[in-house]
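Student: build me a model:
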Amino acid sequence: MRKRLYQFLINLLEGVIDQHGSRIIKHIDLWNMNVEYAEIDGIFATPAVFIEFHEVKYESFNGPAGTLQKGDINFSLHIVTQSIATSDAGSSTQQIALEFFDIIDAIHAHLNQKSNPGIGSLRRILSQTNHNHSQLLESIETYTTMLKDLSARIN
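Tutor: Have a look, this model is predicted:
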């Protein structure tokens, strides 16, 4: 169930493109405290998106093939960019410094309300901007969706 969602998200994220038709996201992976351990584990290409799954509360229901489960799941996209300029009002580097907001908007525009068989519409429910960063800027966008799990079908 989560594997199907993960692969669906990868396909969507790979389709986020800029005005020139180039892929925006350079690295996609599961979340594993990647920003904290970047100095130890080595740096990854940015912009990067790391997918973190939150707990799923399952509900059973009877379908034509037996007992099935579905659940609402929240997941977070940790969007990581390089922080290379200052965003001071009037600064000549302000536009470059604020480009990470454009990346977040492009990702949301591409994911908003998308669905797939067994995966409900993706809906953003929370945004968190990191205001305590050094070289890597991490923004967290949390979405919710409904998943149907058919893995335990009774034949």
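
Student: in this protein, which spans are helices?
Tutor: Here the chain has its helices, by DSSP state H, at 2-14, 38-41, 94-97, 99-111.

Student: can you add mean pLDDT, mean neighbour count and distance to Gly21 and give these back as JSON lines?
Tutor: C-beta: built from backbone N, CA, C; applies to glycine. Converted to JSON lines, these look like this (pLDDT from 0 to 100; neighbours: other Cβ atoms under 10 Å; distance: least, Cβ to Cβ, whole Å):
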{"stretch": "helix 2-14", "mean pLDDT": "96", "mean neighbour count": "16", "distance to Gly21": "13"}
{"stretch": "helix 38-41", "mean pLDDT": "59", "mean neighbour count": "10", "distance to Gly21": "29"}
{"stretch": "helix 94-97", "mean pLDDT": "66", "mean neighbour count": "13", "distance to Gly21": "21"}
{"stretch": "helix 99-111", "mean pLDDT": "93", "mean neighbour count": "17", "distance to Gly21": "13"}
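
Student: quick one: which of those is nearest Lys148?
Tutor: helix 2-14 (9.5 Å; Cβ to Cβ).

Student: the helices of the chain into TSV, with extra columns for distance to Gly120?
Tutor: Listed next are those as TSV, based on distance: least, Cβ to Cβ, whole Å:
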stretch	distance to Gly120
helix 2-14	10
helix 38-41	33
helix 94-97	36
helix 99-111	13
